[in-house]
Structures are given as structure tokens and as C-alpha cells.
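Participant: structure, please.
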Amino acid sequence: MLETLYNYFGFVGSLFVSLLAFLFFVFWMAGVAGICSLKRPLHRQIIFFSLAIFVPVYPVLWLIADMIKQRKQLKRL
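Facilitator: Residues are numbered from 1 along each chain as shown. Coordinates of the predicted model:
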């Protein structure tokens, strides 16, 4: 797989794509952890778990939205 990336993008491009994939995975894990830590009714929690697993972009977007919300709260203080 890395050889294919290298053949398509070259050294710098494959390094950049690999870094982006790693960062997306880290943000995905952080988003899933954040979604799981909130207290919700069970039926809503199952919906959020399903979204987090089957739509990989959702936890990353949720994490970014949560970071923006916390930044606004900190600015008010």
C-alpha cells in the first residue's frame, strides 16, 4: 500500500497523505470517545453510536463542532 502511494504521489506526497490519514484516524477516535462520554437516553445513544461507526466523517465533524462550542464558552468567561 505504501509503495502504491509512493508511486502515485512521490515521496513528499505520500508522506503528506499518510500524515492526513493518521490525523483523521486520531480525530475519529477522539470524536467517538467524546460521543460515547455524553449522557443521553439509551435510544439516542444507540443512534449516535451507529452514526459514529458507519459514517466515519461524523465523529470528526462532531469533534470540530464541540471544539468551536467550547471556544465560544471560554470567550464568554
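
Participant: tell me what the helix ranked longest in the chain is packed against?
Facilitator: With DSSP state H setting the assignment, residue counts place helix 2-37 as the longest helix in the chain. Where contact means 3 or more Cβ pairs under 8 Å, 6 or more residues apart in numbering; DSSP states H and E, helix 2-37 is packed against helix 42-54, helix 57-76. (Glycine included, C-beta is placed from N, CA and C.)

Participant: contact partners of the shortest one?
Facilitator: Taking Cβ atoms under 8 Å, 6 or more residues apart in numbering as the criterion, the residues outside helix 42-54 that touch it are G31, V32, I35, C36, L38, R40, Y58, P59, W62.

Participant: buried ones among those?
Facilitator: G31, V32, I35, Y58, P59, W62 (16 or more other Cβ atoms under 10 Å).

Participant: distance check, the last one against Q70.
Facilitator: W62 sits 12 Å away from Q70, going by Cβ to Cβ, to the nearest Å.
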